[in-house]
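S.K.: The following comprises the amino acid sequence and a computationally predicted model.
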Amino acid sequence: MKKLAFLCMAVCALFTACNPPAELKLSHSTIVLNVGEEFEVKAQVGGDAVVATWTSADEAVATVEAGVIKAVAVGETTVTATYEGLTATVEVIVEQLVEDQPAIEAPGEGKVTILVQVPEPLCEGSFVVIPGSLTSWNTGDAVANGQATQLVEGTQTWYAGTFDWDVDRAFKVAHCKSDGTWEWSFQALNGTLIEGDVTLGNDGNINGDNVINSGNQVIVISVESWELSGCVKTNDAGTATFNLTAIGFAPEAKFAIAGSGLAAGAWACPPPTEHVMTALGGGKFTLTLDVPATFQYKYLVDKAGDGNWEWYSAANYNMPVSLVANDTETLAAAE
């Protein structure tokens, strides 16, 4: 009997050794991406592909959806896959793509070439747009408006366009969506004039109306960031909810929303009544408002509650895709 029991134990041990516990394995343990790049990591259990649940420890560095990791900003993060209680991770390192400036010849009299480096590769179908009196101030179809540039051959981040020039012609820098259409929310937020006979409209930054002083030149611009990316999904038109936490303001302070394309007035200050938020107490405010697609907004404040409204947000907010905004504004110490 003891021999039989020992034999059974030995058989069980043999089968256990031949069938180790299930393990979730990923196709990669570490990946290195440039900002804007995407890479798919696959998950398997016992050699069979499985549909795992994916999360990123820091979505400001990299996001993940169905195993496709997208590099957002320079840094490092960990992406975790989960399947039926099993987990596995991949380390993600995001670097900035650095490309040398391509050699571009001067275009000849009566023309200018604008060469622009973008902070990361644009999505397929997107390109740099040059609006202004040099081309056209119209939003919409950049090719039809004569505002389009083309990716410089052999590069991923340099775009160039040649345009007719005349005295006092000005330009700005933007980019378009994958369908070739653009709007002002896709313009450059920060950037540098590397070379060119240009008077910047905003001292030290290229986000103003930049006047071209002479023809037959190559103007070189480096964009550091966009107001809003045309390659990222933005909100659809609909009814939005704004939730604001105001820190350090007097109890009588009032807040309101100003933004693009609002029916009662775009960027209206002082605000119409329907843009004024409801005070909930304790520095909390809320507002429900119909907003257009790709909505950008700022907060207005009436600090003393006496009708003297002023702009308060330093930069534009972008409406979340969910149409629910949870923001915080803090009274500056000097105020």
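M.R.: Arrived safely.
S.K.: and the closest residue to residue 326 other than its chain neighbours, what does it touch?
M.R.: Nearest non-adjacent residue to residue 326, counting by C-beta to C-beta, 6 or more residues apart in numbering: residue 243, 4.8 Å away. C-betas here are computed from N, CA, C, even on glycine. By C-beta atoms under 8 Å, 6 or more residues apart in numbering, the residues touching residue 243 are 284-286, 324-327.
S.K.: Which of these ranks first by neighbour count?
M.R.: The most crowded member of the contacts of residue 243, judged by other C-beta atoms under 10 Å, is residue 285 (24 neighbours).
S.K.: pretty sure residue 317 is touching residue 328, no?
M.R.: No - between residue 317 and residue 328 there is no contact under C-beta atoms under 8 Å: 11.0 Å.
S.K.: More neighbours: which of those two?
M.R.: residue 317 (16 against 10).
S.K.: do you know how far the more buried one is from residue 125?
M.R.: Residue 317 sits at a distance of 27 Å from residue 125 (criterion: C-beta to C-beta, to the nearest Å).
S.K.: Equivalent analysis for residue 252, please.
M.R.: From residue 252 to residue 125 the distance is 50 Å (C-beta to C-beta).
S.K.: what bits of this protein have low per-residue confidence?
M.R.: Applying pLDDT under 70 to the chain flags the ranges 1-20, 333-335.
S.K.: Give me the distance between the residue nearest to the spatial centre of it and residue 294.
M.R.: Nearest residue to the geometric centre of the chain (C-alpha atoms, centre = their mean): residue 229, 4.5 Å. The gap separating residue 229 from residue 294 is 11 Å, by C-beta to C-beta.
S.K.: same question, residue 180
M.R.: From residue 180 to residue 294 the distance is 16 Å (C-beta to C-beta).
S.K.: Neighbour count for those two, which is higher?
M.R.: With neighbours defined as other C-beta under 10 Å, residue 180 and residue 294 compare such that residue 294 has more, 21 against 18.
S.K.: And the helices in the chain, which stretches?
M.R.: For the chain, the helices defined by DSSP state H occupy 2-18.
S.K.: before we move on, the earlier item: any idea which of the contacts of residue 243 is closest to residue 66?
M.R.: Nearest to residue 66 out of the contacts of residue 243 is residue 324 (C-beta to C-beta; 24.0 Å).
S.K.: my read: the closest one touches residue 238, true?
M.R.: No - Residue 324 lies out of contact with residue 238 (C-beta under 8 Å); the separation is 10.7 Å.
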